[in-house]
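# Have a look; sequence and predicted model below, questions after that.
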Amino acid sequence: NAGVTQTPKFQVLKTGQSMTLQCAQDMNHEYMSWYRQDPGMGLRLIHYSVGAGITDQGEVPNGYNVSRSTTEDFPLRLLSAAPSQTSVYFCASSWDRDSYEQYFGPGTRLTVT
Amino acid sequence: AQSVAQPEDQVNVAEGNPLTVKCTYSVSGNPYLFWYVQYPNRGLQFLLKYITGDNLVKGSYGFEAEFNKSQTSFHLKKPSALVSDSALYFCAVRGPTGNMLTFGGGTRLMVKP
């Protein structure tokens, strides 16, 4: 199993540009989530999904959209990038909402200038 | 709202000495508590969890954590630190019915030879 994969590893955007961060898992996990990691602030939940077709907002959802058309994929879209979205983004998955261990991808480092 | 506090940005310990990384939490209902570790340029890896039962929980790589309900704490411990334990450690909490995992700000552990 590849586990949780994320692309790209690095990305630089200009303010106002849009892009999609890709996340895929091959473990047939129902629960997937997106976090952003900023220094001193730990990881903050952006959006999550408890299964295909079902998504919900986390702690910091503004400026981000998600969809979950398949069990495997959970892309995160930035519609109009802002410097405040400069961060490291992690995707994670687990069997379901009640599974206690989340598996994290390697992260995407995004810089918005 | 649930929250996690890791009061130390960094913990320094000599190799072979015991280590403690502190965590306190706030959540409605019985907590589900977790420790994750992050090595440089990597995603988070699950270390251990407390859901119910024995207050002393054992996890990966010789780590353990003690749940103290009265002090709302879940400190991470290891009897003898290794240089290879040097990493960023995150405590996280979830409520019994919630979908969201809340992380602390992280504590950098530096083990010196």
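Cool, got the structure. Residues are numbered from 1 along each chain as shown, chains lettered A, B, ... in the order given.
# what residues are up against the closest residue to chain A within chain B?
Taking CB to the nearest CB, chain A has its nearest neighbour within chain B at residue B:43, 3.3 Å off. For every residue, glycine as well, the C-beta is placed using N, CA and C. Residue B:43 makes contacts with A:4, A:90, A:92, A:104, A:105, A:106, A:107, as judged by CB atoms under 8 Å, 6 or more residues apart in numbering or on different chains.
# From those, which land in strands?
If you go by DSSP state E, the contacts of residue B:43 have A:4, A:90, A:92, A:104 in strands.
# How confident was the prediction at residue B:98?
Looking at residue B:98, its pLDDT stands at 69.
# Hmm, I typed the wrong one, I wanted residue B:95.
pLDDT, read off for residue B:95, is 78.
# Name the next helix or strand following the helix or strand of chain B with the lowest mean pLDDT along the chain.
In chain B, no helix or strand scores lower on mean pLDDT, DSSP states H and E than strand B:102-103, which sits at a mean of 90. Downstream of strand B:102-103, the next assigned helix or strand under DSSP states H and E is strand B:107-112.
# coming back round to it: and the contacts of residue B:43 near chain B, which?
By CB under 8 Å from any CB of the partner chain, the members of these lying near chain B are A:4, A:90, A:92, A:104, A:105, A:106, A:107.
# can you pull the contacts of the fifth one?
Residues counted as contacts of residue A:105 (CB under 8 Å, 6+ apart) are A:3, A:4, A:5, A:6, A:23, A:90, A:91, A:92, B:43.
# just the second one next, same as before
If a contact means CB under 8 Å, 6+ apart, then residue A:90 has A:6, A:34, A:35, A:36, A:37, A:43, A:104, A:105, A:107, B:43, B:44 as its contacts.
# does the residue nearest the centre of chain A sit in a helix, a strand or a coil?
Centroid-nearest residue in chain A, with CA atoms, centre = their mean: residue A:34, separated by 3.0 Å. Following DSSP: H, G, I helix; E, B strand; the rest coil, the label given to residue A:34 is strand.
# any idea how far it is from chain B?
12 Å (CB to the nearest CB, to the nearest Å).
# for residue A:62, same thing?
As judged by CB to the nearest CB, residue A:62 and chain B stand 16 Å apart.
# got the residues of chain A near chain B?
A:4, A:33, A:35, A:40-45, A:48, A:50, A:56, A:58-59, A:90, A:92, A:97, A:100-107.
# Just the closest residue of chain A to chain B, please.
Going by CB to the nearest CB, chain B is nearest to residue A:104 of chain A, at 3.3 Å.
# So, low pLDDT: which residues of the chain?
Looking at chain A here, since you left the chain open. Counting by pLDDT under 70, chain A has low-confidence residues at A:97-100.
# nope, chain B please
The low-confidence ranges in chain B, as defined by pLDDT under 70, are B:98.
# Drop anything exposed from the contacts of residue B:43.
A:4, A:90, A:92, A:104, A:105, A:107 (16 or more other CB atoms under 10 Å in any protein chain shown).
# was I right about the fourth one contacting residue A:4?
What it means is residue A:104. Yes: with contact defined as CB atoms under 8 Å, residue A:104 reaches residue A:4; the gap is 6.3 Å.
# List the residues that are in contact with both of those two.
Jointly contacting residue A:104 and residue A:4 under the rule CB under 8 Å, 6+ apart are A:91, A:92, B:43.
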